[in-house]
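Enquirer: What follows is a predicted structure for the sequence shown.
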Amino acid sequence: MKMIEKIIKESKEGILIDIDVQAGSKKNEITGINEWRKRLNVKIKAPPIEGKANKEIIKFFKDIFKKDVEIVSGKLNPQKTILIRDIKKDEVIKKLEELL
């Protein structure tokens, strides 16, 4: 099993991805996978103030997958879980592999 498959879970609503966010970065990007934490490393330009980083995370992943995205846990924490609605696991894996 590839590391990428360990950070993605299927749910009734869609696909859950565990992410580790570094806010206040130079640009929005996916920088790799933290194998120890089993999370996708994500850098976001917005600062972690008043939900700005969370809004930018949602927009960033919406732009990548062209689907509804929601933060389902970790709103006040760098470790978050996002939900991507109405998408298949293999689509998510394929897209993430292109970006990594």
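Expert: Ah, there it is. Nothing here was measured: the structure is a model prediction, and the numbers come from that model.

Enquirer: Point to the residue nearest the middle of the protein.
Expert: The centre of the chain sits closest to Ile19, judged by CA atoms, centre = their mean, with a distance of 4.9 Å.

Enquirer: ok, that one - contacts?
Expert: 39-42, 57, 79-82 (CB atoms under 8 Å, 6 or more residues apart in numbering). C-beta: built from backbone N, CA, C; applies to glycine.

Enquirer: Filter the residues you listed down to the ones in helices?
Expert: Ile57 (DSSP state H).

Enquirer: Mind putting the contacts of Ile19 into a markdown table with neighbour count?
Expert: Putting the contacts of Ile19 into a markdown table (neighbours: other CB atoms under 10 Å) gives the following:
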| residue | neighbour count |
| --- | --- |
| Arg39 | 20 |
| Leu40 | 25 |
| Asn41 | 16 |
| Val42 | 25 |
| Ile57 | 22 |
| Gln79 | 13 |
| Lys80 | 22 |
| Thr81 | 17 |
| Ile82 | 25 |
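
Enquirer: what's the distance between the nearest residue to Gln22 once chain neighbours are set aside and Glu13?
Expert: Distances taken as CB to CB, 6 or more residues apart in numbering place Lys43 nearest to Gln22, at 4.9 Å, with adjacent residues excluded. As for Lys43, its distance to Glu13 is 26 Å (criterion: CB to CB, to the nearest Å).
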